[in-house]
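> Pasting the sequence and the predicted model now:
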Amino acid sequence: MNEDVNYTIFDAIQHIGRRLWLIVILPIIAGILAVCIGYLLPKWYRAEAQVLPPYSSRGIASSMLSGIVGGVMGLGGEGNFELPFMVSPTDLWAAVAKSTGIADSVIAKYDLKQRYGARNMYFARKYYLEHLYVDISQEGILTIGYEDYNPDTSAMITSTIVQLLDKTLRKVHTTSAHRTRQFLEDRIAQCEKELEKAEQKLIDFQREHNAISLEDQAKVAVENVAQLYAQLSYLEVQINSLIRSGVQYSPELSQFRAQANELRRKIKELEAKGDTLILGIPLNRYPDLIADYARLYRDMKVQEIVYELLKQQYEQAKIEEQRSTSTLHIVSSATPPEKKYRPKKAIMGIATTMGAFIIIFLWVLLEGYLINLRRYAPSQYEKITSLWRMGKK
């Protein structure tokens, strides 16, 4: 017997017409049931707070070098170079908000482990992160939210997360400033000794030679050369400070090294020209006595300028270390939400209706094909149904 199956699109449309009521009614019923279930589900509320992290990531050294090194060498100190490429401060703070430290503090304070029925801290953190909402707008504003059955609890947890985030950032800032202050204390003590030695050598030289001094023009020239040496010494302090803080590579460290190399090149050029000064006065034309005085005077000015710069930075580091003000700018505080966040019954109803429609439509197409197969190819139909029955067993 020839069992040719000729199931055309017209046959499918005809079968769909017979089952049209099923395709229309059942998805509508499923959507209505989904909406009804949405009314039975517990309501979740999400309170949100918006914060704006400080965008000035320039350190003390960068601010000072902007006006000092940039003025002497023509190199600008502008730019934020401490963060990785294409990473904003807001990205960093968002990652901190999701950190385990803040999560554990919130879980312990509000007993979320028992609230969620978590077996251990791993699942408590998992549930916590599922209800935590962190988003960054295009303008760089950080939005932090938290979902809970109770709107007041949602607002309190959100506010706590913001407070813990600010506390963590202030702790990191204070620790960094403390390390910087300790390093500067050691460097200032060393610089004081070097300055005393340079001053004493100059005094001894003046006493020995009846207080010989340079002409005004030579003094200005020597001071400009001293500025170059001072900037080089200052840059070396910044490089050592970053390395001591554990930074092996960063854009700011690379910038400091490039500026130091440029200073060494300029100083080397001056020395190669027979100690030619910036004002065009070569020291080799002066008596040897005045040249010796110039070197002593220059060494003293170098140590004096470095000492002044270090003292300014040291005072700033002490201020930063003791600063307890907030590092975050709160744009809007978390308040108990009046409207639930979920379940969203309209979305549930539409999604369920569309899903049920697709499933039933495909089932009707398959049903029409099987009916046609049973009519014109019963042996093939028996094979398919037997396989289906075997699968059920």
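That came through fine. All of these numbers come straight from a predicted model, not from anything done at the bench.
> residues near the residue nearest to residue 229 when sequence neighbours are not counted, how many?
Once flanking residues are discounted, residue 229 sits nearest to residue 302: 4.4 Å by Cβ to Cβ, 6 or more residues apart in numbering. For every residue, glycine as well, the C-beta is placed using N, CA and C. Number of residues near residue 302 (other Cβ atoms under 10 Å) recorded here: 24.
> So in the protein, where's the weakest helix or strand by average pLDDT?
In the chain, the helix or strand scored least confidently by mean pLDDT, DSSP states H and E is helix 69-73, which has a mean of 34.
> Show the subsequent helix or strand relative to that one.
helix 89-97 (DSSP states H and E).
> Enumerate the positions of that next one that are buried.
The neighbour-count check on helix 89-97 (16 or more other Cβ atoms under 10 Å) flags 89, 90, 91, 92, 93, 94, 96, 97 as buried.
> What helices and strands are in contact with it?
Applying 3 or more Cβ pairs under 8 Å, 6 or more residues apart in numbering; DSSP states H and E, we find helix 89-97 packed against strand 132-136, strand 142-148, helix 151-208.
> what mean pLDDT does that helix have?
Here helix 89-97 scores 83 as its mean pLDDT.
> Also compute the angle for that helix relative to strand 142-148, please.
Angle, helix 89-97 to strand 142-148, by axes from the mean of the first three to the mean of the last three Cα atoms, to 10 degrees: 30 degrees.
> Which helix or strand lies directly C-terminal to helix 89-97?
Next along the chain after helix 89-97, taking DSSP H and E as the criterion, comes helix 100-110.
> Off-centre distance for that next one?
21 Å (Cα atoms, centre = their mean, to the nearest Å).
> model confidence over stretch 107-123, on average?
Average pLDDT, stretch 107-123: 90.
> how long is that stretch from one end to the other?
11 Å (Cα to Cα, to the nearest Å).
> got the buried residues for that stretch?
Judged by neighbour count (16+ other Cβ under 10 Å), stretch 107-123 contains these buried residues: 107, 110, 112, 113, 116, 118, 121.
> do stretch 237-255 as well
By 16+ other Cβ under 10 Å, the buried positions in stretch 237-255 come out as 237, 238, 239, 241, 242, 252, 253, 255.
> If you drop the residues flanking it in sequence, what lies closest to the fifth one?
Pointing back at residue 242 there. Nearest to residue 242 is residue 253, by Cβ to Cβ, 6+ apart, at 5.0 Å.
> helix or strand for that neighbour, which one?
Counting by DSSP H and E, residue 253 is part of helix 251-272.
> Can you list the helices and strands that that helix packs against?
Helix 251-272 is packed against helix 60-67, helix 69-73, helix 216-244, with contacts defined by 3+ Cβ pairs under 8 Å, 6+ apart.
> looking at those, which has the lowest confidence?
Ranked by mean pLDDT, the helices and strands packed on helix 251-272 bottom out at helix 69-73, with a mean of 34.
> low-scoring stretches of this structure, by residue?
1-6, 54-87, 209-222, 224, 247, 270-290, 323-327, 388-393 (pLDDT under 70).
> per-domain residue ranges of it.
The record's domain parsing of the chain by automatic domain parsing lists 9-41+345-388, 45-332.
> and among these, the most buried is which?
Among the domains of the chain, domain 45-332 has the highest mean neighbour count (mean count of other Cβ atoms under 10 Å), at a mean of 16.
> Can you give the distance from it to the centre of its chain?
With Cα atoms, centre = their mean, you get 17 Å for domain 45-332.
> Quick check: end-to-end length of that domain?
Its start and end residues considered, domain 45-332 measures 17 Å (Cα to Cα).
> And for stretch 246-255?
17 Å.
> Over to stretch 317-328?
Using Cα to Cα, one end of stretch 317-328 lies 20 Å from the other.
> my guess is residue 198 meets residue 295, correct?
No - contact between residue 198 and residue 295 fails when scored by Cβ atoms under 8 Å: they sit 10.3 Å apart.
> on that earlier part again, what is the subsequent helix or strand relative to the helix holding residue 253?
helix 288-322.
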